[in-house]
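Colleague: Structure of the sequence below:
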Amino acid sequence: MTARLEHDAGGIARITIARPEVRNAFDAALIARLIELAHSVEPNARAVVLQSEGPIFCAGADVNWMRAVASESREVNVEDAQALAGLFATLDGLPMPLVVKVQGPAIGGGAGLVAVGDIVIASSEAWFQFAEVRIGIVPAVVSPYVVRKVGASFAAAAFVTGERFSAARAYEAGLIHQLARPEELEGAVDDTLAEIRKGSPAAVRAAKRLVRQVAGHTPQEVRELTIRTIADIRATPEAQEGFRAFLGRRAPKW
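Modeller: Predicted coordinates:
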């Protein structure tokens, strides 16, 4: 099995990449499997954790697979790229928060998986690299997510040099959100999930959606959107429960 999906009693879904023997690298089968699993997440899941087995988070695309595809027609290469782009779009489109747990190196498309995470928690021993130019290609399908997260300046430097950079540098750039010592990584992920569960499920999803809606716009351009958003959500049952719980000094029922 190249990847698996598990749900726990706390409403957390975990997608685990399980190809440690090839450094959790992508091939066509793994891409298709991850898309299938992302679509299979229970609709009421509170969050999704993307993780992997072994010492390496993900080494990107399997080089032997890429070489084989490169020898095919342009049409085949377009179809292959569409599948990979579909994976990132599917993960990016999850309505609930996507938490990415990075225990080791994330390279190429593996670093792209990091870029689509809403919250990324990485081992202080991890490192990152967009190494595509060193084998004659470019990080094309991941580029929108990387540029959105770290900006054009950092992305350009990382893309054109293909150099390796540390977890500390990734944190400074905004690619990841929290660093943890290796032995504390799982606990740090659990702590973040506990924080997410404190929020109203509907409000958490709306907050994620809101960021996507207002990004790149001026306050004037999204003023009406923000007015409608807060007015609508105040009237929802979860918001009313939140108000009652706050005033009653108790935990809300979600």
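Colleague: Ramachandran coordinates for residue 235?
Modeller: phi -90, psi 0 (degrees, to the nearest 10).
Colleague: Could you do residue 220 as well?
Modeller: Backbone torsions for residue 220, taken as degrees, to the nearest 10, come to phi -70, psi -40.
Colleague: worst-scoring helix or strand of this structure, pLDDT-wise?
Modeller: One helix or strand of the chain scores below all others by mean pLDDT, DSSP states H and E: helix 63-70, with a mean of 78.
Colleague: Work out the gap between that helix and the centre of the chain.
Modeller: With CA atoms, centre = their mean, to the nearest Å as the basis, helix 63-70 stands 25 Å off its chain's centre.
Colleague: helices and strands around the helix or strand following it, which ones?
Modeller: Moving toward the C-terminus from helix 63-70, the next helix or strand (DSSP states H and E) is helix 74-92. When contacts are defined as 3 or more CB pairs under 8 Å, 6 or more residues apart in numbering; DSSP states H and E, helix 74-92 packs onto helix 28-39, helix 63-70, helix 109-116. Any C-beta I mention is one placed from the backbone N, CA and C, and that applies to glycine too.
Colleague: Can you tell me which of these is nearest to residue 201?
Modeller: helix 28-39 (18.4 Å; CB to CB).
Colleague: Can you show me the CA trace of the closest one as CSV?
Modeller: The C-alpha trace of helix 28-39 is given here as CSV (Å, rounded to 0.1, in the frame of the first residue of the first chain):
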residue,chain,number,x,y,z
ALA,A,28,1.7,7.7,-10.9
ALA,A,29,0.2,5.2,-8.5
LEU,A,30,1.0,7.2,-5.4
ILE,A,31,-0.4,10.4,-7.0
ALA,A,32,-3.6,8.6,-7.8
ARG,A,33,-3.8,7.1,-4.4
LEU,A,34,-3.3,10.4,-2.6
ILE,A,35,-6.0,12.0,-4.6
GLU,A,36,-8.4,9.1,-3.8
LEU,A,37,-7.6,9.4,-0.1
ALA,A,38,-8.1,13.1,0.0
HIS,A,39,-11.5,12.7,-1.6
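Colleague: about what we covered before: list the buried residues of the least confident helix or strand of the chain.
Modeller: Within helix 63-70, the residues that qualify as buried are 65-66, 69, counting by 16 or more other CB atoms under 10 Å.
Colleague: Same question for stretch 164-177.
Modeller: Within stretch 164-177, the residues that qualify as buried are 165, 167, 169-171, 173, 175-177, counting by 16+ other CB under 10 Å.
Colleague: Could you do stretch 192-200 as well?
Modeller: Result for stretch 192-200 [16+ other CB under 10 Å]: buried residues 192-193, 196, 199-200.
Colleague: Need the pLDDT of residue 176.
Modeller: If you check residue 176, the pLDDT there is 98.
Colleague: do the same with residue 81
Modeller: At residue 81, pLDDT is 87.
Colleague: OK, contacts around it?
Modeller: 140-141 (CB atoms under 8 Å, 6 or more residues apart in numbering).
Colleague: That one and residue 29, how far apart?
Modeller: Distance from residue 81 to residue 29, counting by CB to CB, to the nearest Å: 16 Å.
Colleague: which residues of this structure fall in strands?
Modeller: Using DSSP state E, the strands of the chain run over residues 3-7, 12-17, 47-52, 98-102, 106-107, 119-123, 127-129, 164-166, 178-180.
Colleague: on that earlier part again, run through who's touching the least confident helix or strand of the chain.
Modeller: 25-28, 76-77, 80, 135, 137.
Colleague: that older thread, so which of the strands of the chain gets nearest residue 244?
Modeller: Proximity to residue 244 (CB to CB) singles out strand 47-52 among these, at 24.6 Å.
Colleague: Pull that closest one out as PDB, backbone CA atoms only.
Modeller: Output of strand 47-52 as PDB, limited to C-alpha atoms (Å, rounded to 0.1, in the frame of the first residue of the first chain):
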ATOM      1  CA  ALA A  47      -8.600  18.500  10.400                       C
ATOM      2  CA  VAL A  48      -6.400  16.500   8.100                       C
ATOM      3  CA  VAL A  49      -2.800  15.600   9.000                       C
ATOM      4  CA  LEU A  50      -0.500  14.700   6.100                       C
ATOM      5  CA  GLN A  51       2.500  12.700   7.200                       C
ATOM      6  CA  SER A  52       4.800  10.000   6.000                       C
END
